[in-house]
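Participant: heads up, no residue letters with this:
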């Protein structure tokens, strides 16, 4: 991974719209001079902006479109790097679901590649159209070692919810379908 992508990865993983220099440095393991050069280039290209306070300097997301594209790339890479026992059933699930679903978020232990043999695969489905996914779920579970645990909400609930499942999905998960929809909503809240 190139150095600039490491900076985007820091924002992706830390799920913050502004990060301090030391947060980025700690996450990326870049030298001071390398990180300074990357941040300067991102500032000059209006991708991030610098905000200084009396005691700290932080770097805030400015161009949400660029971050959306970078976050989509990272999410796709994370999906492709999931353990086979999780990725293949999810691919089968995604191939069979209706196309009008707003976004699907993988969260929980499977999203962090920490699942055990008895773990389930937690999925949040965001759609304003109700779908009966029972048949698809059963088909996928018949070829999977891990059961699917489906949670469903509409777009407004996803944006405004105080529900702990939705909050957990947003804080710890990443989109596996409708990535652009997901990041446009999430980055708009920054």
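Facilitator: Thanks, I have it. Remember, it's a predicted structure, so these values are computed and weren't measured experimentally. Residues are numbered from 1 along each chain as shown.
Participant: And the pLDDT at the residue at the greatest distance from the centre of the chain?
Facilitator: Within the chain, the residue lying farthest from the chain centre (Cα atoms, centre = their mean) is residue 54, at 32.4 Å. If you check residue 54, the pLDDT there is 87.
Participant: A strand includes it, no?
Facilitator: No - judged by DSSP: H, G, I helix; E, B strand; the rest coil, residue 54 forms no part of a strand; its state is coil.
Participant: For it, give me its contacts.
Facilitator: Residue 54 makes contact with no residue under the criterion Cβ atoms under 8 Å, 6 or more residues apart in numbering. Placement of C-beta: from N, CA and C, glycine included.
Participant: residues making contact with the helix or strand hosting residue 158?
Facilitator: Using DSSP states H and E, residue 158 maps to helix 155-160. Outside of helix 155-160, the residues within contact range by Cβ under 8 Å, 6+ apart are 102, 103, 124, 126, 127, 128, 163, 166, 170, 185, 189.
Participant: got it, and stretch 4-14?
Facilitator: The contact list for stretch 4-14, computed with Cβ under 8 Å, 6+ apart, reads 1, 17, 19, 23-24, 27-30, 35, 38-39, 41-42, 61, 67, 70-71, 74-75.
Participant: mean confidence for that stretch?
Facilitator: 96.
Participant: how far is it from where the chain is centred?
Facilitator: Mean C-alpha position of stretch 4-14 versus that of the full chain (Cα atoms, centre = their mean, to the nearest Å) differs by 11 Å.
Participant: quick revisit: may I see the buried residues of the helix holding residue 158?
Facilitator: For helix 155-160, a neighbour-count test (16 or more other Cβ atoms under 10 Å) marks residue 158 as buried.
Participant: again with stretch 125-133
Facilitator: 125, 126, 127, 133.
Participant: Would you format the residues you listed as CSV with secondary structure and pLDDT included?
Facilitator: Shown next, in CSV, are these (DSSP: H, G, I helix; E, B strand; the rest coil; pLDDT from 0 to 100):
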residue, secondary structure, pLDDT
125, strand, 98
126, strand, 97
127, coil, 97
133, coil, 95
